[in-house]
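Asker: only geometry, no sequence info:
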């Protein structure tokens, strides 16, 4: 059974040379993700989307970044983007199966998280549910992360909420090579 098409048609190859060059830079030889193909069909949306990317080396470790991204996508029930990130980054980020499961079904107090990761998950959850951090939540985060890292955490949460809106709102079918949400225990 074939998967449904997204609500907005993606670009089909061959891509215009400028778009192909952008896909090549982003995907490093892999075929472009469906999300990228849909976004690239609208020049303004594609330019704005690429400008917001936060996958370059930043103030967070790869592991910290991926915990934020995976948790944000899971909270937004965005299996599409969660699965893409897990497939590509979970191994290099050294995220275990228990930790990946906790991004979907756990919380900050899940026993798999270190104290610094608990503060990170609590901040992601607070931003998702209330779009703010209480003084106590900010203090807990500040005990483990500097100002540049805290800003990066907030930016990641916001960007991947937007990505979740796009993937869910467009009803993007899951990428074949992407991970799937774990089954509940």
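Answerer: Good, I have the coordinates. Since the model is a prediction, treat every value here as computed from it, not as a measurement. Numbering: from 1, shown residues only.
Asker: next one, pLDDT for residue 170 please.
Answerer: Reported pLDDT at residue 170 in the predicted model: 97.
Asker: and the closest residue to it other than its chain neighbours, how far from residue 105?
Answerer: Excluding the flanking residues, the one nearest residue 170 by CB to CB, 6 or more residues apart in numbering is residue 6, at 4.5 Å. For glycine as for every other residue, the C-beta is placed from the backbone atoms N, C-alpha and C. Distance from residue 6 to residue 105, counting by CB to CB, to the nearest Å: 27 Å.
Asker: neighbour-wise, which of those two wins?
Answerer: Set residue 6 next to residue 105 and count neighbours by other CB atoms under 10 Å: residue 6 wins out with 19 against 14.
Asker: distance check, the more buried one against residue 70.
Answerer: 22 Å.
Asker: ok, now residue 115?
Answerer: From residue 115 over to residue 70 the distance is 19 Å, taken as CB to CB.
Asker: quick one, which of those two is more surrounded?
Answerer: The residue with more neighbours, out of residue 115 and residue 70, is residue 70; 27 against 10, by other CB under 10 Å.
Asker: host element of the more buried one?
Answerer: For residue 70, the host element (DSSP states H and E) is helix 62-75.
Asker: check this structure and tell me which residue is nearest its centre.
Answerer: Nearest to the centroid of the C-alpha atoms of the chain, with distances taken as CA atoms, centre = their mean, sits residue 69, at 3.7 Å.
Asker: thought that residue was touching residue 83?
Answerer: No - using CB atoms under 8 Å, residue 69 is not in contact with residue 83, being 11.6 Å away.
Asker: so for residue 177, what's the nearest residue that isn't a sequence neighbour?
Answerer: Spatially, and ignoring its direct neighbours in sequence, residue 177 is nearest to residue 87 (5.7 Å; CB to CB, 6+ apart).
Asker: what about that neighbour, distance to residue 133?
Answerer: The value you get for residue 87 to residue 133, if CB to CB is used, is 30 Å.
Asker: have a look at those two and say which one is more surrounded.
Answerer: residue 133 (19 against 15).
Asker: in the protein, where is pLDDT below threshold?
Answerer: 1-2 (pLDDT under 70).
Asker: go again with 80.
Answerer: Within the chain, the ranges that satisfy pLDDT under 80 run 1-4, 54.
Asker: which helix runs longest in it?
Answerer: helix 147-169 (DSSP state H).
Asker: got a list of contacts for it?
Answerer: If you take CB atoms under 8 Å, 6 or more residues apart in numbering as the criterion, helix 147-169 is touched by 7, 35, 38-39, 52-54, 58-60, 64-65, 68-69, 72-73, 76-78, 80-81, 120, 123-124, 127-128, 138, 141-142, 145, 172.
Asker: cheers, nothing more for now.
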